[in-house]
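Peer 1: structure here, sequence nowhere to be found:
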């Protein structure tokens, strides 16, 4: 059986988010509460918790939603324990996102129906967000995933019904695409694009995706990886390409290059160099 571990940290880029990642099989939580909205992603095993006078089972593939101030416990629900990731969202951050989706005279309500949420699509979205906050990721990626995750979380499971706006704005997204093409080497932010187009965060992401088939953060990553591939064909080395294309480091470049083209930059470079060397022998035949 694997060794128990736990890791907690605050996101350096989003001060309103604390993150937790752990595996437990013997450990159990005493009664406690969180001042933040706690969202759990259960990757394997089973956790049980005492919550509102009942014992709730949280199996692999499900989400937990614990509202601020709610007292609960936590303990293993299987012999193999449970492996999971947690978000602790400050309510101010949640309210900021919800204000995009409610009327001006309404007050945002940062509470969810729970504690068990069985929502595979949202599970994947929250897992991507948690992972992006653990490693180097573009601001546009983390901001977009955060906006989508919170909006969908409350649209589907909120105590207060919200209806996120996703109306089309072709001129706005054309302007956003042109801006990304002109600034592809930079770490462009979602707020920059919103100020440029006059669109809300959620509307911009959904409208861009509807128009071009990918959200703006994926479009920016594809611009960078396409440019990286062109540079490798000239013999440029991985480290210099990573810097030139605006990736944080070689690992950031490699992860996204492999995802786009199915091959690591090092192997692609080696292949490109081999083809370059072979060309003279072709003409000598």
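Peer 2: Cool, the structure landed. The structure displayed is predicted, hence computed values, not measured ones. Numbers count the residues shown, from 1 in each chain.
Peer 1: compute the number of surrounding residues for the closest residue to residue 108 other than its chain neighbours.
Peer 2: Using CB to CB, 6 or more residues apart in numbering and skipping the chain neighbours, the partner closest in space to residue 108 is residue 98 (3.7 Å). Any C-beta I mention is one placed from the backbone N, CA and C, and that applies to glycine too. Residues lying near residue 98 (other CB atoms under 10 Å) number 23.
Peer 1: what of residue 64?
Peer 2: Counted by other CB under 10 Å, the residues lying close to residue 64 total 23.
Peer 1: go on, residue 211?
Peer 2: Neighbours around residue 211, by other CB under 10 Å: 16.
Peer 1: that one: what's it in contact with?
Peer 2: By CB atoms under 8 Å, 6 or more residues apart in numbering, residue 211 lies in contact with 168, 170, 173, 174.
Peer 1: now do the strands in the stretch 151-285 of the chain.
Peer 2: Under the criterion DSSP state E, counting those that start in this stretch, the stretch 151-285 of the chain carries no strands.
Peer 1: flag the shaky bits of it, pLDDT-wise.
Peer 2: The stretch 151-285 of the chain contains residues with pLDDT under 70 at 166, 275-285.
Peer 1: let's see that with 80 instead.
Peer 2: By pLDDT under 80, the low-scoring segments of the stretch 151-285 of the chain are 163, 165-167, 272-285.
Peer 1: ranges for the helices of it?
Peer 2: Assigned by DSSP state H, counting those that start in this stretch, the stretch 151-285 of the chain shows helices spanning 170-182, 190-197, 201-212, 216-233, 238-244, 250-261, 265-284.
Peer 1: now render the ones you listed as CSV, adding distance to residue 18.
Peer 2: Listed next are these as CSV, based on distance: least, CB to CB, whole Å:
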stretch, distance to residue 18
helix 170-182, 31
helix 190-197, 21
helix 201-212, 22
helix 216-233, 23
helix 238-244, 30
helix 250-261, 23
helix 265-284, 34
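Peer 1: mind listing what residue 99 touches?
Peer 2: residue 108.
Peer 1: how far away is it from residue 160?
Peer 2: Distance, residue 99 to residue 160, using CB to CB, to the nearest Å: 12 Å.
Peer 1: spit out the residues that contact these two alike.
Peer 2: What both residue 99 and residue 160 touch, as defined by CB under 8 Å, 6+ apart, is the set residue 108.
Peer 1: distance check, residue 269 against residue 239.
Peer 2: Residue 269 is 11 Å from residue 239, by CB to CB.
Peer 1: now do residue 20
Peer 2: 34 Å.
Peer 1: same question for residue 47.
Peer 2: In terms of CB to CB, residue 47 sits 43 Å off from residue 239.
Peer 1: pick out whichever of these two has more residues nearby.
Peer 2: residue 47 (26 against 12).
Peer 1: tell me the mean pLDDT over the strand or helix carrying the more buried one?
Peer 2: Element membership for residue 47, per DSSP states H and E: strand 37-51. Here strand 37-51 scores 96 as its mean pLDDT.
Peer 1: other SSEs contacting it?
Peer 2: Using 3 or more CB pairs under 8 Å, 6 or more residues apart in numbering; DSSP states H and E, the elements in contact with strand 37-51 are strand 54-59, strand 63-66, strand 72-76, strand 82-89, helix 120-134.
Peer 1: so it versus strand 82-89, what angle?
Peer 2: For strand 37-51 against strand 82-89, the angle by axes from the mean of the first three to the mean of the last three CA atoms, to 10 degrees is 130 degrees.
Peer 1: partners of strand 37-51, with directions?
Peer 2: With DSSP bridges as the test, strand 37-51 is paired with strand 54-59 (antiparallel), strand 63-66 (antiparallel), strand 72-76 (antiparallel), strand 82-89 (antiparallel).
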